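K.L.:
sequence first, then the predicted structure:
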Amino acid sequence: MAKNTEDLPWWKKTVVYQIYPRSYMDSTGNGIGDLKGIISKLDYIKDLGVETIWFSPFYPSPTDKPYKEHDCGYDISNYRDINPEYGTMEIFDELSEGIHSRGMKIMLDMVMNHTSIEHPWFKESRSSRDNPKRDWYIWRDGKKPNGKKPPTNWRAISGRSWEYDPLTEQWYYHGFLPIQPDLNYRNPEVQAEMLDTVRFWLKKGVDGYRLDMFQALFVDDEFRDAPLSRHIVSDDLDILFRSSKRTYHHPDTFEFAKKLRATIDEFPDKYLVGEIMASYETLKKYLGEITEDGTDNNGLNLVFLFQSTTAGMKAKTFRKLIKDYEGWYPYPYIPTWVFGNHDQPRRISRMGNSIEKAKLNAALELTVRGVPFIYYGEEIGMQSVFIPKNESRDAISYAFGWVPQFLRNFIKRFGLLMNRDECRTPMQWSSSANAGFSPAGVETWLPVHQDFQKCNVEVEEKDPDSLLHCYQRFLKVRKETPALNAGSITLLDLEKSPKSLLAYERRGLTKGEEQIIHVFLNFSKKMVTFTNPTSNVQLLVSTTIQSNPVEGNNIILNPWEGIVLK
Ligand code: NOJ
């Protein structure tokens, strides 16, 4: 039985905004973003109406090296400090205080699976076979007879998964790039250290974590070869006809999810969201079991559901997604709604760069049941920027250097970016040079999109019909309406209604009273008219500013219009 919205933990109702620190705001004029820059934009974020800010990593990482030798922060060389390129611990404290004093929450990215090759632990580990840190990573002899073949046939996302180290004549394992050796979670010291790291930031006031590549924490302890798979890429991440069963989704990782949950639950009101590539069924294992009182689960609080990132703009597609999510993750589980991040093509670029569709997409994202994740710039319609292979910065682009440009362009159509720079370009703040991200004359670390003079915060703030205002309106209504931010969802099956219509009811309890809200979304370039199936007639919000959708018993929606009725 659902609880009163007021009694639910904040993270079940929140809206998350993801910032890629290198690209948000440059306060020093060196072409890359930094923490002070972010601090200067906190009022903007507050006014947007999001409630939690997730930061991609800003810990020390060898970002001073050439781009192909690091993963822009996802290879950490010290888990308990700030990368000097971005600021200091004092500035972090100022940022955290600035977020909390505005009533928002802060969420960090915890890259637990692997460290940087430059981490002092790894440097020690590789120095000799009997170094005390040797067993903090996964070292093995190569296959016989001479040990010059990798220990297993496992695949990493970037291709090969073992690197030979001539110094000690053994191989180390990595699930991502060779510069990111995997930690050995079978070593109790590693577990203790990482759980303490998690506590370190929670004690500093951080409210939650996004967990990077969580599916990869434990690998097969017998180091058996991976069997064949019939997939090129499967939901559970079999890659190129090789099963992922030895490297991902190990039962010990499901157990560790509970241990991690117990660790954050030592502190009140914290939460975890896992980045896990998996089928619905496997994902559910990370969420653990439902607690005795039926109001929570005991594994990760949330997991990303990435199915929406590639969903086409059709009513029937979203109808199916909602059915799937509700079928697999009914209350007390909470689905997540993700349309983009720092690894994926920008959502609007998957919708023909249409602002109308982007508005409808926002209306859906902010009115379905679940926690929405908005990637910076999505709220103003920032598009992917085409960056040719020979100009890329992304280490993945180098790792797949052999893939020619035409093939990259083709693969992109399926939502896979071989150069993730394309979705990481500087935030577009204004029509000034460098879109107001860096001062004029500075070369920004990635190019600014050439449409910045019309797609930017300053311009859109002045236009009530902009995408930015649309996000603001929906975020405000969502926050103020308990049924929307925490209620149940039921799809409406409307007889004789147009195929392009998606309609659902949201019901929530507030102060013991039931609130019932209806959402109608028109996934079509044509106007639609249908009989109002509800007794609700008051318009709470629409994607269109001059909307007057209720006429007598009828509802009339403009092309691509989405509305909420009370
Ligand atoms: C997933 C992150 O989202 C991606 O950006 C990163 O490169 C890999 N994990 C490795 O940490």
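P.N.:
That came through fine.
K.L.:
could you find the closest non-adjacent residue to G159?
P.N.:
Nearest non-adjacent residue to G159, counting by Cβ to Cβ, 6 or more residues apart in numbering: A399, 6.7 Å away. C-beta here means a position set from N, CA and C on the backbone, and glycine is covered the same way.
K.L.:
assess the claim that that neighbour and L177 are in contact.
P.N.:
Yes: between A399 and L177 there is a contact under Cβ atoms under 8 Å: 5.9 Å.
K.L.:
before we move on, back to that, got phi/psi on the residue nearest to G159?
P.N.:
Dihedral angles of A399 (phi, psi; degrees, to the nearest 10) stand at phi -60, psi -30.
K.L.:
between A399 and L177, what contacts are shared?
P.N.:
Listed as contacting both A399 and L177 by Cβ atoms under 8 Å, 6 or more residues apart in numbering are S158.
K.L.:
neighbour count: the two, which is higher?
P.N.:
Higher neighbour count among A399 and L177: L177, with 24 against 21, using other Cβ atoms under 10 Å.
K.L.:
what sits closest to that one if chain neighbours are left out?
P.N.:
Nearest non-adjacent residue to L177 (Cβ to Cβ, 6+ apart): S158, at 5.0 Å.
K.L.:
list the contacts for that neighbour?
P.N.:
Taking Cβ under 8 Å, 6+ apart as the test, what S158 contacts is F176, L177, P178, I396, A399, F400.
K.L.:
how much space between the nearest residue to the first one once chain neighbours are set aside and the ligand?
P.N.:
When you say that, I think you mean F176. Excluding its sequence neighbours, the residue lying closest to F176 (Cβ to Cβ, 6+ apart) is I157, at 5.5 Å. To the ligand, I157 is 8 Å away according to Cβ to the nearest ligand atom, to the nearest Å.
K.L.:
read off the pLDDT value for I157.
P.N.:
I157 is assigned a pLDDT of 85 by the prediction.
K.L.:
what is the neighbour count of it?
P.N.:
The tally of other residues near I157 (other Cβ under 10 Å) stands at 17.
K.L.:
correct me if wrong: it contacts H174.
P.N.:
No: using Cβ under 8 Å, I157 makes no contact with H174, being 9.5 Å away.
K.L.:
hey, where'd the strands end up in the stretch 101-250 of the chain?
P.N.:
105-110, 139-140, 155-156, 159-160, 162-165, 170-173, 208-211 (DSSP state E, counting those that start in this stretch).
K.L.:
so F406, which of the three states?
P.N.:
Assigned with DSSP: H, G, I helix; E, B strand; the rest coil, F406 falls in the helix class.
K.L.:
quick check: the closest residue in space to T309 that isn't next to it in sequence vs the ligand, distance?
P.N.:
In space, and not counting its chain neighbours, T309 is closest to Q344: 5.4 Å by Cβ to Cβ, 6+ apart. Using Cβ to the nearest ligand atom, Q344 is found at 9 Å from the ligand.
K.L.:
same question, N131
P.N.:
Where the ligand is concerned, N131 sits at a distance of 25 Å (Cβ to the nearest ligand atom).
K.L.:
tell me the contacts of that residue?
P.N.:
N131 touches E124, S125, counting by Cβ under 8 Å, 6+ apart.
K.L.:
from here on, count from 55
P.N.:
That works, and once the first residue is 55, the last one we named lands at N185.
K.L.:
tell me the pLDDT at it?
P.N.:
98.
K.L.:
roughly how far apart are it and S155?
P.N.:
Distance, N185 to S155, using Cβ to Cβ, to the nearest Å: 45 Å.
K.L.:
three-state assignment of I571?
P.N.:
Applying three-state DSSP: I571 is strand.
K.L.:
how about the one 4 residues further on?
P.N.:
For L575, the assignment made with three-state DSSP gives strand.
K.L.:
what sits closest to the residue of the stretch 505-620 of the chain found nearest the ligand if chain neighbours are left out?
P.N.:
Of all residues in the stretch 505-620 of the chain, Y525 sits closest to the ligand, at 23.2 Å by Cβ to the nearest ligand atom. Nearest non-adjacent residue to Y525, counting by Cβ to Cβ, 6+ apart: E433, 4.4 Å away.
K.L.:
now that neighbour: phi and psi?
P.N.:
phi -70, psi -10.
K.L.:
right, and it touches H523 too?
P.N.:
No: taking Cβ under 8 Å as the definition, E433 is not a contact partner of H523, at 9.7 Å.
K.L.:
ok, G424 touching E380?
P.N.:
No: the pair G424 / E380 is not scored as a contact, 9.7 Å apart, by Cβ under 8 Å.
K.L.:
residues near the residue in the chain that the ligand sits nearest to, how many?
P.N.:
Per Cβ to the nearest ligand atom, Y128 is where the chain lies closest to the ligand, at 3.4 Å. Y128 has 24 neighbours, counted by other Cβ under 10 Å.
K.L.:
go on, E329?
P.N.:
By other Cβ under 10 Å, the burial measure for E329, its neighbour count, is 19.
K.L.:
quick check, nearest of the contacts of S212 to I73?
P.N.:
Comparing the contacts of S212 against I73 with Cβ to Cβ places I450 closest, at 20.4 Å.
K.L.:
picking that back up, what's the overlap in contacts for G424 and E380?
P.N.:
Common neighbours of G424 and E380 (Cβ under 8 Å, 6+ apart) are P389.
K.L.:
that older thread, pick the most deeply packed of the strands of the stretch 155-304 of the chain.
P.N.:
Counting by mean count of other Cβ atoms under 10 Å, strand 262-265 has the highest mean neighbour count of those, with a mean of 25.
K.L.:
can you list the strands that that strand pairs with?
P.N.:
Strand pairing for strand 262-265, determined by DSSP bridges: strand 159-164 (parallel), strand 325-328 (parallel).
K.L.:
which other residues reach it?
P.N.:
By Cβ under 8 Å, 6+ apart, strand 262-265 touches 65, 106, 108, 159, 161-164, 166, 252, 255, 314, 318, 324-329, 354-355.
K.L.:
right, and the helix or strand after that strand?
P.N.:
Next helix or strand after strand 262-265 toward the C-terminus (DSSP states H and E): helix 305-318.
K.L.:
that following helix packs against which elements?
P.N.:
Judged by 3 or more Cβ pairs under 8 Å, 6 or more residues apart in numbering; DSSP states H and E, helix 305-318 is in contact with helix 242-257, strand 262-265, strand 325-328, helix 334-341.
K.L.:
show me how far the longest one is from its chain's centre.
P.N.:
The reference is to helix 242-257. 23 Å (Cα atoms, centre = their mean, to the nearest Å).
K.L.:
same check, this time on stretch 264-282
P.N.:
21 Å.
K.L.:
low-confidence ranges in the chain?
P.N.:
55-56 (pLDDT under 70).
K.L.:
return the residues of it in contact with the ligand.
P.N.:
When proximity is defined by Cβ under 6 Å from any ligand atom, the chain lies next to the ligand at D125, Y128, V165, F230, D266, M267, E329, H396, D397.
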